[in-house]
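> Any chance you can model this:
(chains A and B)
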Protein chains: 2
Amino acid sequence: MQEYIKADPWSIIEEGFDKELVKSSESIFSIGNGAMGQRANFEENYTGDTFQGSYIAGVYYPDKTRVGWWKNGYPEYFAKVLNAPNWIGVEVFVNGEPLDLNTCKKVIGFSRELNMKEGWYKRQFKAVLPNDVKISVKVTRFLSIDLDEVGAINYEIIPENGDVEIKFVPYLDSGITNEDSNWDDKFWNTTSVTSEGNKAFIEAHTMKTNFETCTFMESRLFVDGKVIENNPTEQKDELRIAHEYVQTVKQGETVALHKFGGYTVARNHKALVEASTKALKKAVDFGFDALLDKQKQAWAKIWEMSDITIQGDVKAQQGIRFNIFQLNQTYLGKDSRLNIGPKGFTGEKYGGSTYWDTEAYCIPFYMATKDQNVARSLLKYRYNHLDKAIENAQKLGFSNGAALYPMVTMNGEECHNEWEITFEEIHRNGAIAFAIFNYYRFTGDYSYIPEMGLEVLIGIARFWHQRASFSADKNKYVILGVTGPNEYENNVNNNWYTNYLAKWCIDFAVEQLQKVDDGYNEDYLRVIGKTKLTDNEVSQWEKVANNMYFPYSEDKKVFLQQDGFLDKELITVSDLPKAQRPINQKWSWDRILRSPYIKQADVLQGFYFFEDHFSEEELEKHFDFYEPFTVHESSLSPCVHSIQAAKLNRMQQAYTFYLRTSRLDLDDYNKEVEEGLHITSMAGTWMSIVEGFGGMRVVDDKLSFEPKIPEQWEAYSFKINFRDRILKVTVKKDSTELLLTGQEDMSIRLKGERIVLQPNTVKVV
Amino acid sequence: MQEYIKADPWSIIEEGFDKELVKSSESIFSIGNGAMGQRANFEENYTGDTFQGSYIAGVYYPDKTRVGWWKNGYPEYFAKVLNAPNWIGVEVFVNGEPLDLNTCKKVIGFSRELNMKEGWYKRQFKAVLPNDVKISVKVTRFLSIDLDEVGAINYEIIPENGDVEIKFVPYLDSGITNEDSNWDDKFWNTTSVTSEGNKAFIEAHTMKTNFETCTFMESRLFVDGKVIENNPTEQKDELRIAHEYVQTVKQGETVALHKFGGYTVARNHKALVEASTKALKKAVDFGFDALLDKQKQAWAKIWEMSDITIQGDVKAQQGIRFNIFQLNQTYLGKDSRLNIGPKGFTGEKYGGSTYWDTEAYCIPFYMATKDQNVARSLLKYRYNHLDKAIENAQKLGFSNGAALYPMVTMNGEECHNEWEITFEEIHRNGAIAFAIFNYYRFTGDYSYIPEMGLEVLIGIARFWHQRASFSADKNKYVILGVTGPNEYENNVNNNWYTNYLAKWCIDFAVEQLQKVDDGYNEDYLRVIGKTKLTDNEVSQWEKVANNMYFPYSEDKKVFLQQDGFLDKELITVSDLPKAQRPINQKWSWDRILRSPYIKQADVLQGFYFFEDHFSEEELEKHFDFYEPFTVHESSLSPCVHSIQAAKLNRMQQAYTFYLRTSRLDLDDYNKEVEEGLHITSMAGTWMSIVEGFGGMRVVDDKLSFEPKIPEQWEAYSFKINFRDRILKVTVKKDSTELLLTGQEDMSIRLKGERIVLQPNTVKVV
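Numbering: from 1, shown residues only, chains lettered A, B, ... in the order given. Next up, the predicted model:
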């Protein structure tokens, strides 16, 4: 852990300049607007240690795969999150001396603030340069939610010890590199570098994928708020264009450069320079301040629906808002061609944009805090990739339209390549089916299933049917050689979670076939025609589902994570010396594999998905058996455990897990925040409040709550968009307040009691 | 399969020029002398597809490891078999036109011969060049066994359609590359390129490992056998030196270039150019023909002891001689710093020189066909690496002197990095202990154990003791997360072979501790002092060995390859469509893993090592259970099965396996011979005749035989050096002839009967 962020309910604040923390802060102070995002790199040159990153949604590069020994079926390419041309750069010279925080004689009063309420990032400091000039600097930056191709920077300098000449050199640069490149290949091809007055453009396309982009900028110089008309001098080379603005500034005067910049992409426009010019015109016409006002309004609107308040615990409050803020920065649900990358726009690690995290963790958050179309878009994303999933399964020897969704993808193709994950972590397929169920359960919108979902469910059921095999020894169907959600086990037999999910997927698909046949016969006929599904095939599926094997210990009365789990040396995590942890940094892989230690919920993930299939006693038994072996070394682990601990009334444990999930990056629990943030697990944080403490479920088309409150908190509140009705739930120490908006009554359950809410009236229970 | 090699009892012969076969033939016609070796690359330039390779024993390069996702414990370097500077090159120009078999108008009567009896390689052809000149070419090459730093080439040309000007340009070149390089790094640093008259030298050392070498050459020109005194013109650049010899030759005259060349290394000399000059002088003083005569004598001596004759089956005869020839080309046992690489001097694949192949397969061959010091050298090689094996185990979390020998090594350090092999294929440790037992059983030389072996056995026993863990569920010790010899299973629990070997290793170590204490007390005290072994620790070992778990099926009455084996779909290989094979080329890795298919003997490898622990009925039961699932996609598989089939009197099956092992490379069963030969498995071919058909065992310090003969053969013979007594065994259709050399009688067993042999008298039974 590394705790240097100041507690504050609405802002992330760093005070003091520590070169060792620059890369961590670059991650934590990242900004994004769903269409693009960037690490909190300094605008001016910085010669210290930094990880430069600016990312455009949907623009990736299929890097040549790097493996040790090649295995049949590996993809040839591994999609990389691609560092895009830099538009934020502003070189600053003071009397000819470059401003560089790494070489300044003194840096005084350095602070950063990420204002989550209003959606902007500010950095200020005073610096004494090597030439002894002292200046005061304040830089504000944001990526516009309204004009989502544009970002804006206000770079202000006040000379503190005499008049000085300030030279601002805003630039665009496509000569950038990727940290996460396999073979140091070149990723971008720059085709034009042009400049016109205060504007400049770089057109570049990615190699191989040929994503065309235009990076643009336009700047204005101000002294004490008055614009200086100034035709900048141009610096230009093959990959870079810069404008020089030179101004003599008196001591105490404020010189400011307003820089607007960003990207247009061929996904949205034909003529990119033209589109960029238009985007710039809009932004410049507003001006920095008006655009910032719009930004504040846009974020107010996002918070209006998605905010969670916590009273009496500012760190917990800051944590949840940081998570909600980052999720919204990453994905706003406007485009079904996009998804939620595990690092969002904050780093490159893991590559690919889409994991099962989206279905298992993110969809509940987006369903409840946005219009239902956002979740539908995420489901449709997978429908659009169905053909690729069928192709992917074919590469692994499956046939007849069996679909295996990739472990990691950008465009539907698999781009991960470790056999134990790529080929064996097949439970991901189940999460995709589960999300269809979950979407329908929450929204009540069945239409997705006949229109698109049924085809996905058929492909997935076919996969499980083919993937299971019959064990004559057990007289049951088994699923051999898999990796479960707990990636600290590889190539195990009969992972309970996988087997359970496989059976459920088949059962659910069969049920939907019947429902669609009954209620949407035209869709049914279209799908049956397309998939050539026969009754005989369906009864083969059912044979597998009805005879699936589930490892179980009669002695312990628990389902076993996999065959042979009880052969392990069952030493609990609490008995493990601290020096041995985290085991993924301290132990060799074989030692991890043969240990009982669990990276993230595995059997318990099944209990989370299918809670109502099991009694609370069963949950307790399994929680008590597995949690003591769980090291929570995946960011996706604490949230599920927090929810289950809350359900079991273990509020202290639930609270500890909550803090761990909500402040994972802010307090750098896993010592890796400099690589970027854990975006997808942030949705888990939301779940641990709403589903954990709030006990929210959907039961029989109705919202249900079992509110509980950690003793550290005075109150907390959250809002749910349930079938276009907005319900605000405020949980206090000894009461729950419910406020419904809209016109009609709504019936809910609270602690098992049915309650009818009238709109616009606070109901206190 | 690809059968183009002509059957011949003593030679490997290719007839006709096929560009598609050049790389395969480069492997098959490889030559070596234990100190160096090379692929059968053409001397003259060849612009077609070729795999250039010349290798020096003990000279390797620690290439930077290449993996996908890094795992703790991986070595940083992966030793590579290193292509050494080229000394065989001779450019040939005919009236200024370069001779290049890829561009000739016609190539007539092309043939290659590898004369195994005499140890030389010859290539001849007639060629019509683009300039319509027709020449006849004969090139003979060998690497001297006597002067093992030197090779010799006799490059003869006869003009066939007129007088021509021939220019020979013999050269040395250190600007070579490695096929098997991870990052295209430079491996060699050339420090001097010098020339003096007909001699030239390139001094170069390897990067990182700094192995200093000198590559040298000296040439002489002859016309019709008469030497032409000729001061060649020199061509020189930074990495290459060449000499030009120009000669006008009349139609029908023979012009010949005799080129001597090779390597000296700092392991053997201080001043390398001086040592090279001396080596050249010796070779040139002999001249090509006299040196070739010595070569024939040297090989006659090798064959005298190691030849196996087969009458009535020329392909089988050719196969076994090819195997014996290649083994002797690879390793002659002169230097305990060297070992037997899986591809010898014929390719680069796999990297590293030492695998468990040496202990499990090669030692029996070298023990029986060489002086016992050769096998002792191979054991000592591991003793010398004990500290590194302890270090290797420490990296994986073991302590207290536990030793894990590496999967692949050059210098004792692990240089393999796939977790499922590197960390988990730990049975290799057992093979190293078994070889100590086997050496003593065969040679009767106990001295190795108190002197060196005991320390190795203690390190290995400590490893197994720590690696096993207690299963409360089974109330037994288990070994979780291993890969057995059958690498088509990864990360399995309780691989029977591994568990059995682990128990045996501990039992054997405990037994030797007692024996050394009793008979070699000084050694005992030294070893106990060094290893700090206590009685208490030993009793902990014994607890593990005495309570080891062995998976067994009561139903099938067989030991199970691993836990859960019977859950697989047990479809035999014969029911697998041919188009699906080899499965390692047709199936994705997960599909292979969950199948029952066995790459090479696994349970049966245990039955091979510990044959006398099991009854013949048990062997039969296990053979019948496992062989039908065995795909033999490892070169090490057919030999063990051939031996066991012979033991079970299944002679047709034994013969089929024999052909597969003996002609694996000659007939390119696995379609990969162009990568190099399978050297270590060639020792298995020898075993399948001597131990399989001949039924040779050592029982109670005596040789024992159960001779059988495949119906395809009229007779076969082999020789055994048993404790410095040479016994020749000739097996005929209905009798066995035994001929002992030396002075004293020797008692043996033949088909269970005790027989006393008198020296120098053929005994017919």
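
> hey, let's count contacts and neighbours off CA atoms from now on
OK.

> What is the neighbour count of the closest residue to residue A:67 other than its chain neighbours?
Nearest non-adjacent residue to residue A:67, counting by Cα to Cα, 6 or more residues apart in numbering or on different chains: residue B:68, 4.1 Å away. Burial of residue B:68 is recorded as 16 neighbouring residues (other Cα atoms under 10 Å in any protein chain shown).

> my read is residue B:68 is in a strand, agree?
No - if the criterion is DSSP: H, G, I helix; E, B strand; the rest coil, then residue B:68 is coil and not within a strand.

> so how far is the longest helix seen in chain A off the chain centroid?
If you go by DSSP state H, chain A has its longest helix at helix A:272-306. Distance of helix A:272-306 from its chain centroid, counting by Cα atoms, centre = their mean, to the nearest Å, is 23 Å.

> What residues sit buried inside that helix?
A:272-273, A:275-277, A:279-280, A:283-284, A:287-288, A:291-292, A:294-300, A:302-303, A:305-306 (16 or more other Cα atoms under 10 Å in any protein chain shown).

> tell me, which of these make contact with chain B?
Residues of those in contact with chain B (Cα under 8 Å from any Cα of the partner chain): none.

> mind showing which ranges of chain A have poor pLDDT?
Where chain A drops to pLDDT under 70, the residues are A:182-184.

> ok, the residue lying closest to residue A:54 once chain neighbours are set aside to residue A:676 distance?
Nearest non-adjacent residue to residue A:54, counting by Cα to Cα, 6+ apart: residue A:38, 4.1 Å away. Remark: distance between residue A:38 and residue A:676 (Cα to Cα, to the nearest Å) = 10 Å.

> Quick check: neighbours shared by those two?
Each of residue A:346 lies in contact with both residue A:38 and residue A:676 under the rule Cα atoms under 8 Å, 6 or more residues apart in numbering or on different chains.

> close enough to count as contact, residue A:454 and residue A:511?
No - contact criterion Cα atoms under 8 Å: residue A:454 and residue A:511 do not qualify, at 10.3 Å.

> what ranges do the helices span in the stretch 351-500 of chain A?
For the stretch 351-500 of chain A, helices defined by DSSP state H, counting those that start in this stretch occupy the ranges A:357, A:363-369, A:372-384, A:386-395, A:419-422, A:428-443, A:448, A:454-467, A:496-519.

> With distance to chain B and mean neighbour count added, can I get those in TSV?
Shown next, in TSV, are those (distance: least, Cα to the nearest Cα, whole Å; neighbours: other Cα atoms under 10 Å in any protein chain shown):
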stretch	distance to chain B	mean neighbour count
helix A:357	20	21
helix A:363-369	29	23
helix A:372-384	24	21
helix A:386-395	8	21
helix A:419-422	7	20
helix A:428-443	16	22
helix A:448	33	15
helix A:454-467	9	26
helix A:496-519	14	21
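
> how close does the closest residue to residue A:266 other than its chain neighbours sit to residue A:274?
Using Cα to Cα, 6+ apart and skipping residues adjacent in sequence, the residue nearest residue A:266 is residue A:212, 5.4 Å away. Noted for residue A:212: a distance of 14 Å to residue A:274, by Cα to Cα.

> Ok, residue A:315 next?
Applying Cα to Cα to residue A:315 and residue A:274 gives a distance of 46 Å.

> Could you do residue A:468 as well?
Counting by Cα to Cα, the gap from residue A:468 to residue A:274 is 55 Å.
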